[in-house]
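Visitor: okay, sequence plus prediction incoming.
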Amino acid sequence: MPDNQRMQTWSVRQVARRLVPTDPGQVRLRSAAATTTSLIIAIVALLGFTRVTGQPITVAMLGAVVAMQASAAVKDRDQRSRVITTLWLFVPSICAVTLAALLTPHGKIADVGFIVVLFAAVWVRRYGPRGNALGVIAFISYFFALFLRVSISQVPVLAVAVAVGIASSLFVRVVLFPDRPRAEARRLMSALRAASTVALDAAAAPDDGIEALRRRMDQLGETALLIDDWLDRHEAAKSLSVTSKDLARRVFEAQIMLEQSAVLLWRLGSPHRWPADVRDAVTALRTTLTNDPADDELREARRHGAASAERADLSTPEGLATVAVFRAMQAHLAIHHITTNALGVTDEAPQEEHDDSRDADEDEDSGLHPTTKTAVQVAIATSAATILGELISPDRWYWAVLTAFLVFTGVTTRGELLSRVGHRIIGTIAGVVAGVLLAAVVGQHPAVQIVVLLICVFCAFYLVTVAYVWLTFFVTVLLAMLYGLLGNFSLQVLELRIAETAAGGLVGVAAAYFVFSTKTRATFVEKVHEYLDRVQEVIDSSVDSVLAPGGETDLVAQSRQMDNALLAVITAGKPLQIGPTSDLRRGVRRLVRGLQIGNRSAHALARAGVAAAAAQQDSAPPEATADALRHAVAQTCATIAVVRTVASGEQAAASDRRSDQVIADALDMPELPPGPVRAAIRAMNTLDRTLAEVTNRV
């Protein structure tokens, strides 16, 4: 292969290696592709229908929007439920169209009906993903019927358009993009390897700083959580010849050992300074992180990795790094065997136990249900947006109403809503500028305009989970192309969109602040406390497992619950990190980052507990060692209590750190050989120091 071709191939691989972790398992790619494909099929079918029947183009518009929303809004966990929900969409859609047709001749009464529909669309979110999808489709159908001033005689034709849109979405969901658990699992495992490779690359580039490594390990954790989500939706035994419990344990082992390896390697400095055994172990690990290694390559990697680990001196940082890398290689090698069906069949029967506790609604607070509160907020906000929007433009008032409604989607606090409004306004302004420039470049070329429109749809749904501003940006550009196709494009119209969006955002913020207000800071503190509860559970279960080896443990599931609780903390803390008070921004940022770093120590502790559970029942540690571990637990629990106090904004009492020396002495005990007990004490020590640093700086 020529050098230039080899360099191009290497560059493509490097780019792909860094892009894959940003969309693990191609989840966003498939979702955006399915939504765009549904829209294309619906448009083609409905344009043919309108041409044959002589119906206006607006009929096709309604069906196309229904197809798009049916594909994007249906989020049930399994394929059967998604199909059922999609079929149910016809009922609220046609009911909303009929109601709008009946009320349109009565002027303001139709606007009141719109507010009622919006209230109901939010209220039904209490019924989970299905309720949310039915509410969204009812809202969008009523809005378009009201906007198009549908008459009652047009309802049968529009019912056909809605049916075509739903059928298009079903065709894409069942035929073109069906639920293939085995293929999805393979993609997720490939994403896990890609994220691991990127983290390993960051560890080999210490000059980039520790933050770069932490970001890569965060991506690795997010990928592992996606695999956990897959395990919630599918029975692994039906796809991979391994139970869900065993697969979860193996993925957890691969994640934790890669994290430990990356940190240890980063501390060694530049790869040029690594000893030969470390380099050999890393080379072997990289071989197992490729997607399709040959069997002889895997055997050679296992041989070199094992030889390096046998020669490792565990009293040196280089030796610890070598062994950690070898264990990471073993964990990923086991996953390779599972996904290729070379191995992975366990002795236990392939029976799955679904834990409904994670799906249960534990919110038993008195008073109104959260969805009812949000529905009232939306009703008040959209009512004010209707009045304010009509004052700005009697013809474009609906943009203000849409903004007032949509900014409440997926938010729970005032800070989140304020951030959402800011993203929507910024995205709208940027979209107007881009739309004007694109309109000037594209001109009156319908084919090019349609291509740009479809690209905007794809990008909007591909990037919506990355940042809400992208959705608003591409939807605004899409509107510019749509107006160009319809011959109604003008800069004044796009300027009105900015004004109406700002008006809708303003009333949305006002409603969030003055009607059933939910404070961002209080929610953040609550999430921090919930996360620390999960950490405490992991500590208790891990220590119990280490002190009484050979027992049953559910530490992997507890660790994933802890990870999800940390994600909730990160989400709740984002609005506070862009708040007006610099001290608050820095304090929240440091607290969140400290919890993220400490979470990896909790992972290491959980791994020690899992390893102890697999040990012999008569291998309990000596009493002196057990006492050292209990001292470490007591110290860490005391530090957690201080973190709770500091997170609540209270003054914490000075912490007594004298037990630090007890932990340090325990690690130096000659009768403490490498194993779960030493790993647990080391993890507890690191976790304690990390959380103590948080309390000192927040």
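Guide: Structure's in. What do you need?
Visitor: what about the strands in this protein?
Guide: Taking DSSP state E as the criterion, the chain contains no strands.
Visitor: tell me the domain boundaries of it?
Guide: 26-179, 182-340, 370-517, 520-697 (automatic domain parsing).
Visitor: quick one: mean pLDDT for the first one?
Guide: Which is domain 26-179. Confidence for domain 26-179, expressed as mean pLDDT, is 89.
Visitor: ok, the longest one next?
Guide: Along domain 520-697, the predicted local confidence has a mean pLDDT of 79.
Visitor: before we move on, the earlier item: with mean neighbour count added, can I get the domains of the chain in JSON lines?
Guide: For the C-beta atoms, the positions are set from N, CA and C on the backbone; glycine is no exception. JSON lines is the format used below for the domains of the chain (neighbours: other C-beta atoms under 10 Å):
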{"stretch": "domain 26-179", "mean neighbour count": "19"}
{"stretch": "domain 182-340", "mean neighbour count": "20"}
{"stretch": "domain 370-517", "mean neighbour count": "20"}
{"stretch": "domain 520-697", "mean neighbour count": "18"}
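Visitor: correct me if wrong: Val160 contacts Thr50.
Guide: No. Taking contacts as C-beta atoms under 8 Å, Val160 lies outside contact range of Thr50: 10.2 Å.
Visitor: now do Lys75 against Ser81, distance only.
Guide: 10 Å (C-beta to C-beta, to the nearest Å).
Visitor: joint contacts of the two?
Guide: Common neighbours of Lys75 and Ser81, counting by C-beta atoms under 8 Å, 6 or more residues apart in numbering, are absent.
Visitor: at which residues are the helices of the stretch 451-600 of the chain located?
Guide: With DSSP state H, counting those that start in this stretch as the criterion, the stretch 451-600 of the chain has helices at 468-486, 491-514, 520-547, 555-573, 582-613.
Visitor: in space, what's closest to Val124 - neighbours in sequence excluded?
Guide: Gly131 (3.9 Å; C-beta to C-beta, 6 or more residues apart in numbering).
Visitor: just Gln55 next, same as before
Guide: Nearest non-adjacent residue to Gln55 (C-beta to C-beta, 6+ apart): Val157, at 5.7 Å.
Visitor: my guess is the one you found contacts Thr53, does it?
Guide: Yes. Val157 lies in contact with Thr53 (C-beta under 8 Å); the separation is 7.2 Å.
Visitor: can you pull the contacts of the residue nearest to Asp280 when sequence neighbours are not counted?
Guide: Spatial nearest neighbour of Asp280, chain neighbours left out: Ser308 (4.7 Å); criterion: C-beta to C-beta, 6+ apart. For Ser308, the contacting residues are Asp277, Val278, Asp280, Ala281, Ala284, Thr322, Val325, Phe326, by C-beta under 8 Å, 6+ apart.
Visitor: where does the stretch 151-300 of the chain have low pLDDT?
Guide: Nowhere does the stretch 151-300 of the chain drop to pLDDT under 70.
Visitor: for it, which segments count as helices?
Guide: Taking DSSP H, counting those that start in this stretch as the test, the helices found in the stretch 151-300 of the chain are 155-171, 181-203, 210-233, 236-240, 244-268, 276-288, 295-311.
Visitor: for the residue lying closest to Val592 once chain neighbours are set aside, give its distance to Val528.
Guide: Excluding the flanking residues, the one nearest Val592 by C-beta to C-beta, 6+ apart is Gly573, at 4.9 Å. Gly573 is 8 Å from Val528, where distance means C-beta to C-beta.
Visitor: now the common contact residues for these two.
Guide: Leu591.
Visitor: mind listing what Ala647 touches?
Guide: Phe524, Val525, Val528, His529, Leu591, Val698.
Visitor: hmm, try it at 7 Å
Guide: When contacts are counted by C-beta atoms under 7 Å, 6 or more residues apart in numbering, Ala647 is found next to Val525, Val528, Leu591.
Visitor: check Ala480 too.
Guide: By C-beta under 7 Å, 6+ apart, the contact list for Ala480 reads Gly435, Val436, Leu438, Ala439, Phe489, Leu494.
Visitor: 8 Å instead, please
Guide: Residues in contact with Ala480 (C-beta under 8 Å, 6+ apart) are Gly431, Val432, Ala434, Gly435, Val436, Leu438, Ala439, Phe489, Leu494.
Visitor: can you redo those as JSON lines with distance to Gly107 and pLDDT?
Guide: Converted to JSON lines, the contacts of Ala480 look like this (distance: C-beta to C-beta, whole Å; pLDDT from 0 to 100):
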{"residue": "Gly431", "distance to Gly107": "32", "pLDDT": "87"}
{"residue": "Val432", "distance to Gly107": "31", "pLDDT": "86"}
{"residue": "Ala434", "distance to Gly107": "37", "pLDDT": "88"}
{"residue": "Gly435", "distance to Gly107": "32", "pLDDT": "84"}
{"residue": "Val436", "distance to Gly107": "34", "pLDDT": "84"}
{"residue": "Leu438", "distance to Gly107": "37", "pLDDT": "86"}
{"residue": "Ala439", "distance to Gly107": "34", "pLDDT": "81"}
{"residue": "Phe489", "distance to Gly107": "29", "pLDDT": "66"}
{"residue": "Leu494", "distance to Gly107": "28", "pLDDT": "78"}
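Visitor: which of those residues fall within helices?
Guide: Gly431, Val432, Ala434, Gly435, Val436, Leu438, Ala439, Leu494 (DSSP state H).
Visitor: now these as TSV including distance to His445?
Guide: Formatted as TSV, the ones in helices among the contacts of Ala480 follow (distance: C-beta to C-beta, whole Å):
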residue	distance to His445
Gly431	20
Val432	21
Ala434	17
Gly435	15
Val436	16
Leu438	11
Ala439	11
Leu494	19
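Visitor: once you drop chain neighbours, what's closest to Ala385?
Guide: Going by C-beta to C-beta, 6+ apart, Ala385 has Ala404 as its nearest residue, at 3.8 Å.
Visitor: from Ala110, how far out is the one you found?
Guide: 17 Å.
Visitor: again, but for Leu268
Guide: Following C-beta to C-beta, the distance that separates Leu268 from Ala110 is 70 Å.
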